[in-house]
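Asks: Predicted model and sequence below, questions to follow.
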Amino acid sequence: MTSTATLTPLVGVDLVRVQDVADSVERFGSRYLDRLFTAAEQADCAGGPGVQAERLAARFAAKEAALKVLRPEGARPAWTSIEVVRHESGACDLRLTGTAADLAAAAGITALAVSLTHEHDHAAAAVVALRTGTGNPDDLLGDLRRAASGALPAPPRKDQQ
Amino acid sequence: MSDTSTIVRTVLEEHGRLAVPVTGLDDATDLYAAGLTSHASVNVMLALEDAFDVEFPERLLKKATFGSLGAIVEAVDEIRVDA
């Protein structure tokens, strides 16, 4: 049987109040920072208290947006297993490790992209993932439903393969 | 009301940033529907760890753990038994 490979886009977004993050840093200090952010993320966010809180809030939003893409059914992966990697250009990518990487692999997610934004009051992030269909009936049924709603091109019929 | 429940309610009042007073909630009230955000649930978790001198294991880091007062009390009791 010929397998049908399909790419399904998944999107997650999240919004965080910057002051909430600033309050948490002040209240819980390194316990809060180390629980949620990798050492590299904390270094990327260094700056004055206001700037730091904005950058941290954007990264927390990215982690929550990624969760909406990964859709864990049980325990969520540790926050630090979803890392925002900042390049010299300022562009950011997501790096998944541990349970988060396992979830992505199990879901057939083959590509991830993230976009962050922050201002004084709020920070937000959007994550887009591409899931490669495995050709199993559940995937195909989902793709057919999305195709019927116009979200995807219709997969080829068997007699067209 | 158990001691655990009393402390959980105090922590939730201080860190949950709910849209309604905790005193008006019963043990089964949906806390997310009451305004608990994912970020506030982190603060609740860290404050509970301080209050009970415990650490939430990764297996309990799920949305349902912080979904109601009853669920939080159950999780804290479970962690304290394991500790």
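Replies: All right, it came through fine. Numbering: from 1, shown residues only, chains lettered A, B, ... in the order given.

Asks: Show me the shaky parts of chain A.
Replies: For chain A, residues meeting the criterion pLDDT under 70 lie at A:1-4, A:134-161.

Asks: So which residue is smack in the middle of it?
Replies: Closest residue to the average C-alpha location of chain A: A:Ala66 at 1.9 Å, with CA atoms, centre = their mean.

Asks: So that one belongs to a strand, correct?
Replies: No: counting by DSSP: H, G, I helix; E, B strand; the rest coil, A:Ala66 falls outside a strand, being helix.

Asks: can you pull the contacts of it?
Replies: By CB atoms under 8 Å, 6 or more residues apart in numbering or on different chains, the contact list for A:Ala66 reads A:12, A:82, A:94, A:96, A:100, A:112, A:114, A:127. C-beta here means a position set from N, CA and C on the backbone, and glycine is covered the same way.

Asks: quick one, helices of the chain?
Replies: Since you didn't name a chain, this refers to chain A. Applying DSSP state H to chain A gives helices spanning A:18-28, A:30-36, A:39-44, A:49-70, A:98-107, A:137-148.

Asks: my bad, chain B
Replies: Under DSSP H, chain B gives helices at B:3-15, B:38-52, B:69-82.

Asks: Point out where chain B drops to low pLDDT.
Replies: Using pLDDT under 70, chain B drops low at B:1, B:83.

Asks: If we use 50, what do you get?
Replies: Along chain B, no part satisfies pLDDT under 50.

Asks: Contact residues of it facing chain A?
Replies: By CB under 8 Å from any CB of the partner chain, the residues of chain B that approach chain A are B:17, B:37-40, B:42-43, B:46, B:49, B:58-63.

Asks: rerun that using 10 Å as the cut-off
Replies: Residues of chain B found near chain A (CB under 10 Å from any CB of the partner chain) are B:14-15, B:17, B:37-40, B:42-43, B:45-47, B:49-50, B:55-65.

Asks: What subset of those residues is buried?
Replies: Buried members of the residues of chain B next to chain A, scored by 16 or more other CB atoms under 10 Å in any protein chain shown, are B:15, B:17, B:37-40, B:42-43, B:45-47, B:49, B:56, B:60-62, B:65.

Asks: Most tightly packed of the helices of chain A?
Replies: helix A:49-70 (a mean of 23; mean count of other CB atoms under 10 Å in any protein chain shown).

Asks: With just CA atoms, put that helix into PDB.
Replies: Extracted C-alpha coordinates of helix A:49-70, given in PDB (Å, rounded to 0.1, in the frame of the first residue of the first chain):
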ATOM      1  CA  PRO A  49      14.500  44.800  35.800                       C
ATOM      2  CA  GLY A  50      11.900  46.000  33.300                       C
ATOM      3  CA  VAL A  51      13.600  44.700  30.300                       C
ATOM      4  CA  GLN A  52      14.400  41.400  32.000                       C
ATOM      5  CA  ALA A  53      10.700  40.900  32.900                       C
ATOM      6  CA  GLU A  54       9.600  41.700  29.400                       C
ATOM      7  CA  ARG A  55      12.000  39.200  27.900                       C
ATOM      8  CA  LEU A  56      11.200  36.500  30.400                       C
ATOM      9  CA  ALA A  57       7.500  37.000  29.900                       C
ATOM     10  CA  ALA A  58       7.900  36.500  26.200                       C
ATOM     11  CA  ARG A  59       9.800  33.300  26.800                       C
ATOM     12  CA  PHE A  60       7.200  32.000  29.200                       C
ATOM     13  CA  ALA A  61       4.500  32.800  26.600                       C
ATOM     14  CA  ALA A  62       6.500  30.800  24.000                       C
ATOM     15  CA  LYS A  63       6.700  27.800  26.300                       C
ATOM     16  CA  GLU A  64       3.000  27.900  26.900                       C
ATOM     17  CA  ALA A  65       2.300  28.400  23.200                       C
ATOM     18  CA  ALA A  66       4.500  25.400  22.500                       C
ATOM     19  CA  LEU A  67       2.500  23.300  24.900                       C
ATOM     20  CA  LYS A  68      -0.600  24.100  23.000                       C
ATOM     21  CA  VAL A  69       1.000  22.600  20.000                       C
ATOM     22  CA  LEU A  70       2.400  19.600  21.800                       C
END
